[in-house]
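> I'd like to go over a predicted model; first the sequence, then the structure.
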Amino acid sequence: MCGGGVKEVNEDELKDGAILQNRSCTDICCIFIFGIFLVGWIVVIAVAFANGHPEYIVRPTNYNGQICGVNELVNYSNYYVPLPQRYTYGFCVATCPGILDYVCNNDFEPLIGDSSVSVMNTYYDHTSTQYLAGVALSVQCQATSCTAQENATLQRYYGLIAKSKANKCFAAVYVSGVTLYRCLPFGSDNQNATLMDQMNATLGDLSSLADKYGVGSFFTRGFSESKDSWVVILICCLSCAIFALIWIFLLRWILAPIVYLCVIAVFLLLIALGYLSYRMQSDYADVTLPGDTNSEDQQTLWKVLMYTSFALAAVYLVLMLWLIKRIRIAIIIMEEASKAFLSNPGMVIIPPFTCIMLLGIIALFVVVAIYIQTIGSLTATSFEEGAISVFGASAVNMTEAAATLGQAYYDSLINATNSSNTSATNATTFDSSTAVKGMHAMNFFMLLWTANFFLALGFFIMALVVCAWYFSATAVEIDQYENNSGENGRLKYTNAGTLCRAVCVAFRYHLGTLFFGSLLIAIIQFIRAVMLYIEKNYLAKYKDNATVKLIIYCINCWLACIERIIKIISYNAFIVCAIKNQNFLSSAADALALLTANIIRVSMLEFLATAACFLIKLFICCCNMILAYFLLQQSELTDGTDIESGLFPLFFILIISFAIASLFVNVFECCVDTILMCFFVDEDSMKGLFMPPSLAKLVDKFTHIAEAREKYEQMVRDADKKASVDL
């Protein structure tokens, strides 16, 4: 369904794993909407793959706009500029020519001697050896008769002479080599240093500098130590996961001291800042001379900072005392979240799965974007501009002709080609039509939608597992278990296979809801991207206008706030959907009502959870780094070598530890958010029936638990009396 009212839930629909049973499909129409967009995306991908030419991005174009190495130029992949001072004229060649080799352009013209046959002028290419052989053959054939093969060779030589006079064949005047399908000049005794020389010189200078300061040996030793320490790195990967589980397990006992320590630390920091300001303003007061305005200003500044710090400390103290109850609620919720996590630690496989899917979607988007970009009509820009933009100024550091060729010959070629119609490039750009831009927009929007969908899917699966844990036992049953006052007492738990059932429930019943929520997030993100595109392409000329900059900043800030709000509401709506089995709009309405009614609790929990998660990451990384340091001292674990500094292995271990810690902490944060929403729903709809007793006491719901417990005990007594009467 795509709409409907708020669905009420009762104990029987939630307890003992029933939350994963008797589900119904929600927001089915959104699945069809996504399907329509998916078909459109597939069409865009098909058109892009059919018409796009990604090789155009790196391959140059000749003077006719033809791509080197494509179609009829398939055997001519490299771009060559015959005249160094005429950067705008170049053509495709099979290989980069050597000095005095002759290369010809890519025009198709009638074969000299047989006008019925057309060949590309590259047919007349001659190496310097072939050219000299042609000269000798022309003399020989005038004195004596030549064979048919010699006549064919001579005819090709005469064709070269004719094409050279027509400025369609040229003698190579510089040594070049291939770089990204372009014949870029090397250096020689009679040429200036070019790209390759400068690069080699730069690398040599860097190597000398590295040797001078020991940088080269430092990195070499560091990577060698990392290779020798691979066993330690693997051990630390496992130990980091163990440390993460241990810290999350210990949270139920150490979380309260950590939170209170953080609260007190902030207060002491404000007091210390105020005291420091007091000392500074006192020092300035002692040394200030009459008329010393600079010292007086400094004294006033420190005095203002002192009063501000003490005032903030007082306000902070009053605020924390007023919020002490909510702080305790936040602590208990995080403690319950740690229990939920440890009840089903298999949830840690969800974030890596989500990450893999995101990487796949991003890779697909990039490939499709490249194909789409190469659909448009090709236009040319100057070789010089393109070369500079791709390789830097050194790429066009071409020299004048080699001295052996003669300046007169070189000048005549320059003048001849300048008078001819040769406007060519080797840099390819694309004139994208409106349709191509629309394809880019479709591709980008589907990237946002699918990426947000996979994020929502992973979150929803974990939320289902945590909800099943929260509603697995009532407060009465927990109280009976803790006080040993009843046979039916038990703690909250999750059955084996809960995670698998949650995955099945998500895919079978609630894909539509996830598509709906992720669509809203994708839309606002797409609007922000469009705004950025407009700013960069249409408002760039107003970048120095303060009014326009302020308006753009306000719009971007407003859109960012809307995105944040939509994300918060959507993800809490997913939790409500997991609890109540209702559509997205109804879940979002319930979530918004619960969040606004408990805004102070939510804010306090958000603040404390952020601080706690940061400390958890810090503790996990520190513990693992300490272990790694001692393991690196054991030569048995480092291939028998003694690790001198260990900086590189420790750095790699730190990165890995942070990634693994973030993995566990992200799951813990999901548990915190889910427990909080379960608590709100429980408090609002079921009078705290499933609350842990410690939490129920804080929110004044324990009276209901006591009443329920008394009612339960009365039912047991009545049953015992009835059984005795029957006997």
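Arrived safely, thanks for sending.

> T95 in helix, strand or coil?
Of the three states, T95 takes coil according to DSSP: H, G, I helix; E, B strand; the rest coil.

> so who does it touch?
Residues near T95 by CB atoms under 8 Å, 6 or more residues apart in numbering: N78, V178. Just so you know, the C-beta spots here come from the backbone N, C-alpha and C atoms, and that holds for glycine as well.

> and the residue lying closest to G113 once chain neighbours are set aside, what helix or strand is that in?
With CB to CB, 6 or more residues apart in numbering as the criterion, G113 has its nearest non-adjacent residue at 5.2 Å, and that residue is Q155. Element membership for Q155, per DSSP states H and E: helix 148-165.

> list of residues touching whichever helix or strand comes after that helix?
Using DSSP H and E, the helix or strand that follows helix 148-165 in sequence is strand 169-171. The contact list for strand 169-171, computed with CB under 8 Å, 6+ apart, reads 82-83, 100-105, 121, 124-125, 160, 163-164, 405, 413.

> and these, which of them are in strands?
Under the assignment DSSP state E, the contacts of strand 169-171 contribute Y102, V103, C104 to strands.

> need the three-state assignment for E477.
For E477, the assignment made with three-state DSSP gives helix.

> quick one: pLDDT of G65?
Note on G65: pLDDT of 79.

> neighbours around it, how many?
Here the number of neighbours of G65 (other CB atoms under 10 Å) works out to 14.

> and for L321?
Residues within reach of L321, counting by other CB under 10 Å, total 10.

> which secondary structure element contains it?
Assigned by DSSP H and E, L321 belongs to helix 293-322.

> likewise V505?
Going by DSSP H and E, V505 is part of helix 498-509.

> can you give me phi and psi for C183?
Phi and psi for C183, reported as degrees, to the nearest 10, are phi -80, psi 90.

> actually S115, sorry about that
phi -70, psi -10.

> measure it to E109 for me?
10 Å (CB to CB, to the nearest Å).

> look at these two and report which has more neighbours.
Legend: neighbour count by other CB under 10 Å for S115 and E109, higher for E109 (18 against 9).

> which residue in the contacts of strand 169-171 has the weakest pLDDT?
Lowest pLDDT of the contacts of strand 169-171: L405, 40.

> buried stuff in the helix holding V505?
Judged by neighbour count (16 or more other CB atoms under 10 Å), helix 498-509 contains these buried residues: T498, L499, R501, A502, V503, V505, A506, Y509.

> now the helix or strand that it is followed by: mean pLDDT?
On the C-terminal side of helix 498-509, the nearest following helix or strand under DSSP H and E is helix 511-537. Averaging pLDDT along helix 511-537 gives 94.

> what are the buried residues along helix 511-537?
Using 16+ other CB under 10 Å as the test for burial, helix 511-537 gives 511-526, 528, 535.

> which one among the ones in strands among the contacts of strand 169-171 gets closest to L255?
If you rank the ones in strands among the contacts of strand 169-171 by distance to L255 using CB to CB, V103 comes first, at 76.0 Å.

> how close does that closest one get to V70?
Note on V103: its distance to V70, by CB to CB, is 19 Å.

> and these two? Which one has more around it.
Each of V103 and V70 has its neighbours counted (other CB under 10 Å); V103 has more, 24 against 16.

> so who does that one touch?
Counting by CB under 8 Å, 6+ apart, V103 makes contact with Y80, P82, F91, V93, P97, T122, D125, C169, F170, A172.

> C29 and G512 touch, don't they?
Yes: judged on CB atoms under 8 Å, C29 makes contact with G512 at a distance of 6.9 Å.

> which secondary structure state does V119 sit in?
Assigned with three-state DSSP, V119 falls in the strand class.

> who are the packing partners of whichever strand or helix holds S586?
Using DSSP H and E, S586 maps to helix 584-597. If you count contacts as 3 or more CB pairs under 8 Å, 6 or more residues apart in numbering; DSSP states H and E, helix 584-597 packs onto helix 511-537, helix 546-580, helix 647-685.

> what residues of the helix holding Q155 count as buried?
Using 16+ other CB under 10 Å as the test for burial, helix 148-165 gives T153, L154, R156, Y157, G159, L160, I161, K163, S164.

> correct me, but the first one touches G134?
Yes: between T153 and G134 there is a contact under CB under 8 Å: 6.9 Å.

> returning to that earlier point: show me which pair in the contacts of strand 169-171 is furthest apart.
Across these, the longest distance by CB to CB is 20.9 Å; it joins N121 and L405.

> tell me which of the two has more neighbours.
For N121 and L405, the more surrounded residue by other CB under 10 Å is N121, and the numbers stand at 20 against 16.

> isn't that one right up against C104?
Yes: here N121 reaches C104: they are 3.9 Å apart, a contact under CB under 8 Å.

> and the closest residue to P82 other than its chain neighbours, how far is that from L73?
Spatial nearest neighbour of P82, excluding adjacent residues (CB to CB, 6+ apart): F170 at 3.6 Å. Remark: distance between F170 and L73 (CB to CB) = 18 Å.

> can you count the residues close to S229?
Counted with other CB under 10 Å, the neighbours of S229 add up to 26.

> same question, K697
For K697, the count of nearby residues is 16 (other CB under 10 Å).

> outline the domain layout of this protein.
What automatic domain parsing lists as the domains of the chain is 1-57+232-376+431-727, 58-196+377-430.

> which one of those domains has the lowest average pLDDT?
For those, the weakest mean pLDDT is recorded on domain 58-196+377-430, namely a mean of 71.

> look at L689 and give its secondary structure.
Put simply, L689 is coil when judged by three-state DSSP.

> return the distance of the closest residue to I28 other than its chain neighbours relative to F584.
Among residues not flanking I28 along the chain, G512 sits closest, at 5.1 Å (CB to CB, 6+ apart). G512 sits 8 Å away from F584, going by CB to CB.

> cool, A529 as well?
Look at A529 and F584: by CB to CB, they are 24 Å apart.

> do the same with I524
Relative to F584, and taking CB to CB, I524 is found at 15 Å.

> so what's C237 up against?
Residues in contact with C237 (CB under 8 Å, 6+ apart) are I656, I660.

> that one: helix or strand, and which one exactly?
Going by DSSP H and E, C237 is in helix 230-287.

> element containing G438, please.
Taking DSSP H and E as the criterion, G438 maps to helix 434-470.

> before we move on, back to that, from the buried residues of helix 148-165, which is closest to F453?
Nearest to F453 among the buried residues of helix 148-165 is K163, at 61.2 Å by CB to CB.

> phi, psi for the nearest residue to L180 once chain neighbours are set aside please.
Leaving out its chain neighbours, the residue that sits closest to L180 by CB to CB, 6+ apart is V58, at 6.0 Å. Here is the backbone geometry of V58 (degrees, to the nearest 10): phi -100, psi -20.

> begin at 880 from here
OK, 880 is where the count begins now, so the last one is V937.

> how close does V937 sit to Y1250?
V937 sits at a distance of 14 Å from Y1250 (criterion: CB to CB).

> now swap in I1479 and tell me
To Y1250, I1479 is 52 Å away according to CB to CB.

> between those two, which is the more surrounded one?
Y1250 (21 against 11).

> distance of that one from A925?
From Y1250 to A925 the distance is 10 Å (CB to CB).

> got it, and F1350?
Relative to A925, F1350 is positioned 47 Å away (CB to CB).

> so the two - more neighbours on which side?
Of the pair F1350 and A925, F1350 is the one with more neighbours under other CB under 10 Å, namely 25 against 10.
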